[in-house]
Every structure is written in structure tokens, then in C-alpha cells.
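K.L.:
Can you look at this prediction? I've put the sequence above it.
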Amino acid sequence: MLGGMHLNALSDRRSFLARGALLGSMGLLSQVPQAIQLAAQTTSGSHQLNFGLVTYLWGKDMSLPELLKACEASGMLGVETRTQHAHGLEPSLSSQQRQEVRKRFADSPVKLVGYGSNAEFHDADPNRLRQQIDLTKQYIRLMHDCGGSGVKVKPNGFAQGVSKEKTILQIGRALNEVAAYGDDWGQEIRVEAHGRGTSDLSVMKAIFDVADHPNVGICWNSNDVDTQGDGLVANFKLVRDRFAKTLHVRELNEGTYPYAELMGLLLQSNYQGWVLLEARTNPSDKIAAMKAQREVFEAMLEAHRL
């Protein structure tokens with residue numbers, strides 16, 4: 001363990017690491033001594049924020065064994081598996097296959113955080129809406145059997161030919177139905193802030209004024225619209241009390257999104273869940289890229305402690 005004197009001696013270097021991460025200085029992070037990285041990991045644990053992976057795009061071509069190996073090697077010990085990816089977690093799995101998936105995760109330090117579905121509830125056609133609700137229920141049973149804890153769904157815009165108010169009401173009522181069903185199976189319903197218009201957090205709040213079942217929450221999605229209007233802090237506070245146990249970020253050192261500020265808001269509001277990387281790029285070495293993103297995440301947390 002690091003002694004108190006040793007930690008004091010490393011204080012300035014840890015501060016440098018934190019500042020470098022916030023500037024996206026990946027070259028510096030790769031040279032940080034292991035002792036400093038361990039200190040950042042300890043800080044991460046104490047804040048009860050966990051960092052994991054959404055398999056879009058970095059894990060989409062990995063088999064389940066490959067995915068678990070990559071998560072273990074990178075230290076990203078939680079994963080949201082998406083539908084229609086190479087690891088093959090689909091409702092078509094037999095009971096035996098589901099038990100095999102559960103065992104693979106049980107034998108690994110990697111946690112199956114949940115499922116990234118494409119189920120959506122904005123369609124004005126009642127038959128297609130019912131199909132999406134029923135499909136979500138299949139995903140709920142799948143995650144229960146495989147050992148996950150929730151299913152991500154999404155609105156995907158407003159239905160054409162009907163009022164926004166009617167679409168919001170429809171989405172909220174559908175969410176209440178699948179949330180009640182998920183509650184019976186121990187699966188949280190996580191609603192990604194997604195879609196043209198529906199990703200706006202004032203719209204998400206309106207949806208959740210209808211979707212009042214305690215087993216449904218918002219999956220913050222780190223969209224550019226989050227910083228518009230009254231700004232990030234106001235938009236965050238607008239929906240924070242309805243957060244699910246997962247939220248999505250992109251590469252933490254790319255673009256202009258204020259991820260460092262977001263981490264501060266999560267820590268200040270005592271968020272205890274999974275920050276999941278939903279990457280946009282396509283690096284050749286996925287494991288190295290995953291590890292680098294984990295280091296940036298840990299350094300951001302460390303910066304807020306300093």
C-alpha cells in the first residue's frame with residue numbers, strides 16, 4: 001500500500017495527471033506511474049462511480065469470450081451488450097445458452113450491467129407499438145436469465161401526424177407497462193435520451209411526468225443538446241431525480257462536451273451507478289483504447305478530489 005508520506009510526495013504529480021486528462025493528453029496518461037493510477041482507482045471506488053463499456057462500436061465485432069477478455073484487460077469491468085452484435089445475446093437463446101452466458105459472467109470480474117435494445121415507443125401505429133412493448137418484455141426475460149440488471153430502451157423522435165403531447169403520453173404509458181413487467185423480473189427500464197426532439201431534456205422530463213413507475217429511469221446520453229437552453233447544470237437538475245443506474249458518454253477526451261463538469265455533477269449529487277462508454281471512433285487496438293479511456297475517467301474523478 002502507499003504510505004502517507006509517499007502519497008504526499010506524489011501529490012503534485014497526481015494534480016498534473018488530472019489536468020492532463022482534462023485536456024485530453026493521452027500521451028501523458030500512458031506514461032503515468034502505476035502507483036498514481038492505483039490512487040486514481042481508489043478514488044473512483046470511493047465515489048461509487050463505475051466505468052464500463054457499451055458494445056457500440058468498440059465491442060460490436062467481439063464474441064462473448066473476446067468481449068470479456070477485453071474488458072478484463074482494460075479494467076472496464078462492466079458492459080452493456082447491444083442487440084445484433086457478434087456476442088449474440090438475443091431472445092432466441094435457449095435456456096441452456098442463457099445459463100452458459102450467466103456462468104461466463106459469474107466466472108469473470110466483468111459485470112453484465114444490462115442490455116442495449118432498440119425498442120422504441122413513439123410509433124403511432126398501435127400494432128407496431130404493441131410489437132415493441134412485447135419485444136421489450138422478451139429482452140427483460142433475457143437479461144433476467146443471463147444475470148443482467150436492466151434493459152435500455154429509447155424514444156426515437158416524434159410520430160408524424162399526431163401532436164407531440166399525444167406521443168409523449170403514449171411513450172410514458174408504454175414505459176409504465178414495461179417498467180411494471182420488468183419489476184417482476186428484477187430488471188430496471190433505462191430510457192436513453194435519444195431521437196430528434198425527444199432527446200431534449202425538457203421533453204424527457206415531460207415523458208417521465210407520465211412514466212411515474214419507480215422502476216423506470218432516464219439514461220443520460222451526453223448529447224450536445226444537454227448544454228443548450230439554460231445550460232448543462234440546469235438541464236442536469238431538471239431530470240437528475242429520475243436517473244437510471246446507467247448513463248452514456250462518448251470518448252472523454254474528444255470533442256467539446258463538458259465531461260469534467262458532468263463528472264462533478266454526478267459526484268456532487270451522489271450518483272451511484274455506471275458511466276458507460278458508447279464510443280464513436282474505430283481504433284485498431286480496442287483494448288488499448290478502452291484502457292486509455294478508463295485512465296481519463298479516473299483522472300477526472302481524481303481532479304474533483306484534489
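P.N.:
Alright, I've got the coordinates.

K.L.:
only C-alpha atoms for contact and neighbour calcs from this point on.
P.N.:
Fine.

K.L.:
got the contact list for residue 232?
P.N.:
When contacts are counted by CA atoms under 8 Å, 6 or more residues apart in numbering, residue 232 touches residue 226.

K.L.:
Counting neighbours, show which residues of stretch 82-93 come out buried.
P.N.:
For stretch 82-93, the neighbour count (16 or more other CA atoms under 10 Å) marks 82, 83, 85, 86, 87, 88, 89, 90, 91 as buried.

K.L.:
actually stretch 254-270, not the one I typed
P.N.:
For stretch 254-270, a neighbour-count test (16+ other CA under 10 Å) marks 257, 258, 259, 260, 262, 263, 264, 265, 266, 267 as buried.

K.L.:
now that stretch: mean pLDDT?
P.N.:
Mean pLDDT, stretch 254-270: 97.

K.L.:
send the alpha carbons of that stretch over as PDB?
P.N.:
Taking Å, rounded to 0.1, in the frame of the first residue of the first chain, the C-alpha atoms of stretch 254-270 are listed here in PDB:
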ATOM      1  CA  GLU A 254     -12.700  14.100 -27.700                       C
ATOM      2  CA  GLY A 255     -15.000  16.900 -28.800                       C
ATOM      3  CA  THR A 256     -16.300  19.800 -26.800                       C
ATOM      4  CA  TYR A 257     -18.800  18.100 -24.400                       C
ATOM      5  CA  PRO A 258     -18.000  19.200 -20.800                       C
ATOM      6  CA  TYR A 259     -17.400  15.700 -19.400                       C
ATOM      7  CA  ALA A 260     -15.300  17.000 -16.500                       C
ATOM      8  CA  GLU A 261     -18.200  19.200 -15.400                       C
ATOM      9  CA  LEU A 262     -20.600  16.300 -15.800                       C
ATOM     10  CA  MET A 263     -18.400  14.100 -13.500                       C
ATOM     11  CA  GLY A 264     -18.500  16.900 -10.900                       C
ATOM     12  CA  LEU A 265     -22.300  17.000 -11.100                       C
ATOM     13  CA  LEU A 266     -22.600  13.200 -10.700                       C
ATOM     14  CA  LEU A 267     -20.300  13.200  -7.700                       C
ATOM     15  CA  GLN A 268     -22.000  16.200  -6.100                       C
ATOM     16  CA  SER A 269     -25.400  14.600  -6.500                       C
ATOM     17  CA  ASN A 270     -24.100  11.200  -5.200                       C
END
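
K.L.:
Show me where the stretch 151-300 of the chain has its helices.
P.N.:
If DSSP state H, counting those that start in this stretch is used as the criterion, the helices of the stretch 151-300 of the chain fall at 164-184, 201-210, 232-239, 259-268, 286-305.

K.L.:
Adding distance to residue 133, write the ones you listed out as TSV.
P.N.:
Output for those, formatted as TSV (distance: least, CA to CA, whole Å):
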stretch	distance to residue 133
helix 164-184	7
helix 201-210	16
helix 232-239	24
helix 259-268	31
helix 286-305	34
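
K.L.:
returning to what we had before: Throw the buried residues of stretch 254-270 into JSON lines and include distance to residue 306, thanks.
P.N.:
Output for these, formatted as JSON lines (distance: CA to CA, whole Å):
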{"residue": "257", "distance to residue 306": "22"}
{"residue": "258", "distance to residue 306": "19"}
{"residue": "259", "distance to residue 306": "17"}
{"residue": "260", "distance to residue 306": "13"}
{"residue": "262", "distance to residue 306": "17"}
{"residue": "263", "distance to residue 306": "14"}
{"residue": "264", "distance to residue 306": "12"}
{"residue": "265", "distance to residue 306": "16"}
{"residue": "266", "distance to residue 306": "16"}
{"residue": "267", "distance to residue 306": "13"}
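
K.L.:
Good, wrapping up.
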